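[1] I would like to see how this sequence folds:
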Amino acid sequence: MKMWNIVDIALFLVNACAIRCRGIEQRQAEKLKTGEKENKGELMMKTRRLTKWLSTLCVCSILFGCASANPDSEKQDTQWPKKIVLVQMPNENNPAADSQHEKFGQALSEYLGIEVEAMEASEYTAAIEGMAGGNIDVMLVSPMSYFQAKERAGAELLVSTPMSAEYVSAFIVRSDRDDITGMEGLRGKTFAFVDQASSSGYLYPKAALVKQLNLDPDQLESSDYFFKTVAFSGSHTTSVSGVQMGDYDAACVAKSIIAQMAEAGAVNAEDFKIIGSSDIIPNPAYVARGSLPEDLKAKIKAFFLSYKDADYFEAVHGNRDIRFVEVTEDDYQPAKEMLDLLHIEFGD
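    As a prediction, this is how the structure comes out:
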């Protein structure tokens with residue numbers, strides 16, 4: 001739609017007035033030829049009608065021009081991207097769940113009125129770089145990755161699920177290991193973390209070891225500093241299986257993983273015991289790229305908060321009764337303190 005300005009309106013009115021005046025002049029000339037005379041009253045009446053007509057035209061044109069120039073009257077798509085990319089990441093709170101992410105992305109697309117490309121990624125750092133490059137718009141991040149995404153991509157918190165006292169990292173050993181009864185008993189033993197990007201499989205348990213045993217975070221993974229050796233198994237289930245088979249004396253995993261594996265028939269929960277745990281871990285959160293239009297970010301957030309598909313929450317988050325909730329920087333401050341404790345910084 002054309003954006004009318006003052007010059008457009010002025011030219012339009014001048015042309016309209018000229019046409020109208022030429023019409024009056026032509027009719028007056030014709031009357032003079034025929035000898036007709038137009039009295040003063042008739043001329044004044046026509047003048048009033050012309051003035052009234054031009055005034056009405058002026059008002060209508062200005063109103064039309066202002067309405068067309070008003071950004072709010074334009075479809076939001078003029079500022080919104082035609083498509084946004086939504087990236088889901090592994091959810092350590094329920095890693096074996098059927099994500100239903102495609103259905104979620106379709107619902108978001110219908111709500112926004114633009115295309116939503118739903119993708120899954122397996123590595124936080126690459127996804128964060130994608131957001132920093134403007135190729136990813138919304139993503140699920142771990143507590144640690146949130147601060148990295150904020151630093152690199154200006155990411156802004158949207159929502160999470162309610163924090164749970166059960167979301168902690170558990171230090172596990174075989175139940176028949178009578179020589180290991182507490183955290184100090186891990187000294188000189190073989191140990192497995194999950195991977196260095198995992199909150200419950202590395203960061204939080206490492207912080208627990210540093211705080212509870214007064215260890216040096218920069219030396220903790222060195223052989224024979226505290227542990228005999230340290231390995232990174234790659235997954236929570238691999239760590240549990242490694243402890244069961246004797247590959248590691250101990251490991252740290254999300255506390256819920258043993259129950260999930262036992263329910264699936266992969267292990268017997270009674271074969272393991274927990275000798276320690278980490279602080280409560282904030283849930284992963286959805287973040288939006290900071291440079292997205294403000295009204296788009298607000299509408300994305302509104303969609304999350306209004307989403308009520310119980311099947312989705314049961315499949316993805318293990319509880320059909322929970323829903324997304326708002327979160328703030330304060331909710332993730334303990335995670336920032338943990339990163340400071342471990343001397344982890346995010347540079348450009």
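
[2] state the helix or strand in which the most centrally placed residue in the chain lies.
    Centroid-nearest residue in the chain: Val287, 2.8 Å away (criterion: C-alpha atoms, centre = their mean). Using DSSP states H and E, Val287 maps to strand 285-288.

[3] with Leu209 instead?
    Counting by DSSP H and E, Leu209 is found in helix 204-213.

[4] against which helices or strands is that helix packed?
    When contacts are defined as 3 or more C-beta pairs under 8 Å, 6 or more residues apart in numbering; DSSP states H and E, helix 204-213 packs onto strand 169-174, strand 272-277, helix 333-341. Heads up, the C-betas are built off the backbone N, CA and C, glycines and all.

[5] and the next helix or strand past the least confident helix or strand in the chain by mean pLDDT?
    Using mean pLDDT, DSSP states H and E, helix 40-69 stands out as the lowest-scoring helix or strand of the chain, at a mean of 45. Using DSSP H and E, the helix or strand that follows helix 40-69 in sequence is strand 83-88.

[6] can you list the buried residues in that following strand?
    Neighbour-count burial for strand 83-88, with 16 or more other C-beta atoms under 10 Å as criterion, is recorded at 84-88.

[7] ok, those residues vs Leu158, which is closest?
    Lowest distance from Leu158 to the buried residues of strand 83-88 (C-beta to C-beta) belongs to Leu86, with 11.1 Å.

[8] the closest one against Met119, yeah?
    Yes. Using C-beta atoms under 8 Å, Leu86 makes contact with Met119 at a distance of 7.0 Å.

[9] still on that earlier bit, the helix holding Leu209 to helix 333-341, inter-axis angle?
    70 degrees (axes from the mean of the first three to the mean of the last three C-alpha atoms, to 10 degrees).

[10] just the residues contacting helix 204-213, thanks.
    Applying C-beta atoms under 8 Å, 6 or more residues apart in numbering, the external contacts of helix 204-213 come out as 168-169, 171, 183-184, 186, 193, 215-217, 220, 226, 252, 276-279, 281, 338, 341-342.

[11] go on, stretch 324-331?
    157-163, 282, 285-286, 301, 304-305, 307.

[12] from the chain's centre, how far out does that stretch sit?
    Stretch 324-331 sits 12 Å away from the centroid of its parent chain (C-alpha atoms, centre = their mean, to the nearest Å).

[13] send me that stretch as PDB with only the CA atoms.
    Provided in PDB are the C-alpha atoms of stretch 324-331 (Å, rounded to 0.1, in the frame of the first residue of the first chain):
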ATOM      1  CA  PHE A 324       5.800 -23.300  31.100                       C
ATOM      2  CA  VAL A 325       6.500 -20.400  33.500                       C
ATOM      3  CA  GLU A 326       8.300 -17.100  33.300                       C
ATOM      4  CA  VAL A 327      11.900 -17.000  34.600                       C
ATOM      5  CA  THR A 328      14.300 -14.200  35.400                       C
ATOM      6  CA  GLU A 329      18.000 -13.600  35.700                       C
ATOM      7  CA  ASP A 330      17.700 -14.200  39.500                       C
ATOM      8  CA  ASP A 331      16.600 -17.800  38.800                       C
END
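
[14] and that stretch, what's buried?
    Under 16+ other C-beta under 10 Å, the buried positions of stretch 324-331 are 324, 327, 331.

[15] mind listing what the nearest residue to the second one once chain neighbours are set aside touches?
    Nearest in space to Val327, with sequence neighbours left out and distances taken as C-beta to C-beta, 6 or more residues apart in numbering, is Ser160 at 4.6 Å. Taking C-beta under 8 Å, 6+ apart as the contact definition, Ser160 lies against 282-286, 324-325, 327, 331.

[16] and Trp340, how many neighbours?
    Heads up, residue 340 is Asp, not Trp. Asp340: 11 surrounding residues under other C-beta atoms under 10 Å.
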